[in-house]
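Visitor: Sequence plus predicted model, see below.
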Amino acid sequence: MESISPPIGVKLVASLVKKPSCAGGFSGLIAPRLRNFNRVIKSNRVFAETKNPAIDFSDPDWTTKFQEDFERRFNIPHLTDIFDDVDPIPSTFCLKSRSVVSEDFSGGYPSDEKWHGYINNNDRVLLKTIHYSSPTSAGAECIDPSCTWVEQWVHRAGPREKIYFKPEDVKAAIVTCGGLCPGLNDVIRQIVITLEIYGVKKIIGIPFGYRGFFKEGIHEMQLSRKVVQNIHLAGGSLLGVSRGGPNVSDIVSNMEERGINMLFVLGGNGTHAGANAIHNECRKRRMKVAVVGVPKTIDNDILLMDKTFGFDTAVEEAQRAINSAYIEAHSAYHGIGIVKLMGRSSGFIAMHASLASGQVDVCLIPEVPFRLHGPHGVLNYLKFLLETKGSAVVCVAEGAGQNFLEKTNATDPSGNIILGDIGVHIQQESKKYFKEIGLPADVKYIDPTYMIRACRANAADGILCAVLGQNAVHGAFAGYGGITVGICNTHYVYLPIPEVISYPKEVDPNSRMWHRCLTSTGQPDFV
Ligand SMILES: Nc1ncnc2c1ncn2[C@@H]1O[C@H](COP(=O)(O)OP(=O)(O)O)[C@@H](O)[C@H]1O
Ligand SMILES: O=P(O)(O)OC[C@H]1O[C@](O)(COP(=O)(O)O)[C@@H](O)[C@@H]1O
Ligand SMILES: [Mg+2]
């Protein structure tokens with residue numbers, strides 16, 4: 001009998017509603033999920049600590065206390081938290097003075113105090129915009145059993161009027177880690193361009209992710225507007241990427257040797273865990289350094305954000321593979337087209353690509369358990385589709401159905417579990433099944449994953465990358481560190497790194513988007 005694996009995680013807030021009196025309050029509820037995440041995704045890594053206090057919902061002041069705690073958790077670390085002797089100067093980011101890069105600042109810093117283009121440090125963005133009136137409402141994220149509305153505000157991103165680095169003292173470095181993602185070059189380009197507008201002249205690229213911080217690493221790359229001018233026209237990363245690499249202490253020592261005091265880190269959950277550790281180590285060594293992340297993952301698995309850059313391009317590019325699978329399946333007698341898309345622990349690409357294409361009959365994601373065999377299994381449904389409409393298209397996320405595959409416990413150099421190929425498995429099982437029942441079936445399998453990841457960013461991602469890249473530089477100059485940039489409810493924000501990486505974001509099987517996907521495919525439950 002086939003086993004059904006549980007979804008990779010349960011929703012924190014939903015479990016909170018189910019167990020409001022759990023000892024340890026929030027922390028007691030987060031911990032199991034964190035453990036689960038480490039087991040599934042990062043067998044040998046410890047992710048961000050969570051710092052939620054116990055909450056007693058019978059306390060009439062619990063919402064105030066929750067908000068105070070939220071403000072504390074989402075406070076963004078600043079240089080002045082640990083240094084008393086850092087004095088700000090008026091911002092050199094001033095769009096009127098376009099030739100700032102050629103100035104030597106001996107005659108003073110250019111500034112424009114009358115310009116209303118700066119963000120006030122007290123500006124905030126609302127993190128959640130839906131007031132769910134019941135925990136049973138689709139996709140409800142509730143804090144307490146009554147789903148009380150509690151405003152949660154996060155810091156607005158953008159240029160500040162006062163800056164904490166003199167441009168001539170800055171040596172900025174950019175590093176791109178993890179797997180490729182459309183838009184990496186666009187972000188690198190915008191960071192360099194924005195740094196130059198502030199007046200920074202020493203800008204370097206660290207080659208091949210954190211590995212480039214090895215002492216004997218390949219030489220740093222000098223970056224300027226001229227170097228990066230056209231890099232966004234190609235996919236990949238100008239700097240190269242990698243998994244694994246030196247430990248945090250060695251990275252920070254290497255930064256000290258090179259004199260780096262602004263570090264822009266482009267990467268996913270793992271990279272951000274590293275960036276946060278680098279930030280903490282710099283503070284421990286009392287180094288005046290700003291470490292700012294830009295979340296990169298086509299999987300879209302970073303918490304609290306509308307989306308991450310590259311995701312939109314991935315969904316768009318996946319259309320070509322799905323359409324090819326559809327044409328193959330539709331043109332064959334009893335054709336079945338199977339497409340595997342990326343998504344190690346979350347099915348966002350598969351869900352969105354299925355919904356966008358309108359050509360998918362079965363969408364399978366890691367968050368929703370399914371059976372292949374038996375009367376309610378996928379294969380029996382494919383038989384039904386062949387008999388009724390003549391062909392079928394399956395879109396499966398790479399992390400789905402891992403319980404059907406032999407576990408090796410092998411990990412990549414970053415500690416990510418190496419997954420089995422669920423696409424090949426479904427192809428083989430389909431062929432076997434239809435042979436056994438004597439129904440002709442022509443099964444074709446397409447794995448476009450690396451073709452999708454290597455694409456250049458589409459226009460929507462190009463804009464997102466531009467805004468995130470620019471805001472990363474504004475954040476660093478404003479003196480913030482240990483932060484990342486994101487888009488929340490269409491607005492741009494700074495978030496403390498630990499809050500976005502406490503676990504990977506997943507598709508909520510009770511969300512409207514998953515329900516919309518099911519409505520579109522017409523697929524039943526496969527359990
Ligand atoms: N918990 C961690 N602490 C410090 N560095 C980490 C951690 N997890 C991953 N890294 C490093 O971050 C880089 C990218 O991680 P990886 O998981 O491969 O990609 P991503 O950042 O896209 O999730 C690698 O160089 C890896 O060694
Ligand atoms: O084969 P690689 O390079 O390790 O990358 C595969 C992984 O890349 C991803 O698309 C994105 O992963 P990262 O965010 O860690 O780069 C995963 O879904 C997938 O498992
Ligand atoms: Mg990752």
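Guide: Nice, thanks for sending it over. Ligands and ions are numbered 1, 2, ... in the order given.
Visitor: so what's the closest residue to residue 309 other than its chain neighbours up against?
Guide: Using Cβ to Cβ, 6 or more residues apart in numbering and skipping residues adjacent in sequence, the residue nearest residue 309 is residue 183, 4.1 Å away. C-beta here means a position set from N, CA and C on the backbone, and glycine is covered the same way. Applying Cβ atoms under 8 Å, 6 or more residues apart in numbering, we find residue 183 in contact with 296, 309, 310, 313, 457, 461, 462, 464, 465.
Visitor: What about the residue in the stretch 201-350 of the chain positioned nearest to ligand 3, how many residues nearby?
Guide: Relative to ligand 3, the nearest point of the stretch 201-350 of the chain is residue 268 (3.6 Å; Cβ to the ion). By other Cβ atoms under 10 Å, 25 other residues sit near residue 268.
Visitor: now residue 161
Guide: Residue neighbour count, defined by other Cβ under 10 Å, stands at 18 for residue 161.
Visitor: Hmm, it is touching residue 89, no?
Guide: No. Counting by Cβ atoms under 8 Å, residue 161 stays clear of residue 89, with 10.3 Å between them.
Visitor: and residue 175, that one's in a helix?
Guide: No. Using DSSP: H, G, I helix; E, B strand; the rest coil, the assignment for residue 175 is strand, not a helix.
Visitor: Bridged to it, which residues?
Guide: Beta-bridge pairing of residue 175 under DSSP bridges involves residue 206, residue 265.
Visitor: ok now do it, which residues does it touch?
Guide: Residues near residue 175 by Cβ under 8 Å, 6+ apart: 205, 206, 209, 210, 212, 213, 239, 263, 264, 265, 266, 267.
Visitor: ok, of the residues you listed, which come out buried?
Guide: 205, 206, 209, 210, 212, 213, 239, 263, 264, 265, 266, 267 (16 or more other Cβ atoms under 10 Å).
Visitor: Which residue does the stretch 51-200 of the chain have closest to ligand 2?
Guide: Nearest residue of the stretch 51-200 of the chain to ligand 2, counting by Cβ to the nearest ligand atom: residue 179, 3.0 Å away.
Visitor: Please name the residues that touch that residue.
Guide: Neighbouring residues of residue 179 by Cβ under 8 Å, 6+ apart: 241, 243, 268, 298, 453.
Visitor: mind checking how far residue 393 is from residue 260?
Guide: 49 Å (Cβ to Cβ, to the nearest Å).
Visitor: Looking at the contacts of residue 183, which is nearest residue 109?
Guide: Taking Cβ to Cβ as the measure, residue 109 lies nearest residue 465 of those, at 28.4 Å.
Visitor: which parts of the chain sit against ligand 3?
Guide: Residues of the chain lying near ligand 3 by Cβ under 5 Å from the ion: 268, 269, 270.
Visitor: Same list, these, but as TSV with secondary structure and pLDDT please.
Guide: Listed next are the residues of the chain next to ligand 3 as TSV, based on DSSP: H, G, I helix; E, B strand; the rest coil; pLDDT from 0 to 100:
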residue	secondary structure	pLDDT
268	coil	96
269	helix	95
270	helix	95
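Visitor: near ligand 1, which residues of the stretch 401-527 of the chain?
Guide: 414, 415, 416 (Cβ under 6 Å from any ligand atom).
Visitor: again, only this time at 8 Å
Guide: 412, 413, 414, 415, 416 (Cβ under 8 Å from any ligand atom).
Visitor: Could you identify the buried members of these?
Guide: When those are checked for burial by 16+ other Cβ under 10 Å, the buried set is 414, 415, 416.
Visitor: Restricted to helices, list those.
Guide: In helices, judged by DSSP state H, none of these are found.
Visitor: between residue 393 and residue 260, which one's more packed in?
Guide: residue 393 (27 against 24).
Visitor: who's in contact with the residue nearest to residue 88 when sequence neighbours are not counted?
Guide: Nearest residue to residue 88 in three dimensions, chain neighbours excluded: residue 162, at 3.6 Å (Cβ to Cβ, 6+ apart). By Cβ under 8 Å, 6+ apart, residue 162 lies in contact with 88, 89, 90, 91, 478.
Visitor: Please verify my assumption that residue 448 contacts residue 323.
Guide: No. Here residue 448 does not reach residue 323: they are 10.9 Å apart, not a contact under Cβ under 8 Å.
Visitor: circling back: and the gap between the residue nearest to residue 309 and residue 295?
Guide: Going from residue 183 to residue 295 by Cβ to Cβ gives 11 Å.
Visitor: Next: residue 367.
Guide: Using Cβ to Cβ, one obtains 20 Å as the distance from residue 367 to residue 295.
Visitor: Tell me which of these two has more neighbours.
Guide: Taking neighbours as other Cβ under 10 Å, residue 367 and residue 295 compare with residue 295 leading, 31 against 23.
Visitor: most distant residue from the middle of the protein?
Guide: Residue farthest from the centre of the chain, counting by Cα atoms, centre = their mean, is residue 438 at 44.9 Å.
Visitor: Sheet partners, orientation included, of the helix or strand where residue 445 lies?
Guide: Element membership for residue 445, per DSSP states H and E: strand 442-446. Strands adjacent to strand 442-446 in the sheet, as given by DSSP bridges, are strand 335-341 (parallel).
Visitor: With respect to residue 227, which of the contacts of residue 175 is nearest?
Guide: residue 205 (8.6 Å).
Visitor: Tell me how far that closest one lies from residue 241.
Guide: To residue 241, residue 205 is 12 Å away according to Cβ to Cβ.
Visitor: Hmm, residue 124 and residue 489 touching each other?
Guide: No. Residue 489 is not in contact with residue 124 according to Cβ under 8 Å; the separation is 11.9 Å.
Visitor: what about the stretch 151-300 of the chain, any weak spots by pLDDT?
Guide: 215, 217 (pLDDT under 70).
Visitor: about what we covered before: would you turn the residues of the chain next to ligand 3 into a markdown table with distance to residue 194?
Guide: Formatted as a markdown table, these follow (distance: Cβ to Cβ, whole Å):
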| residue | distance to residue 194 |
| --- | --- |
| 268 | 22 |
| 269 | 25 |
| 270 | 26 |
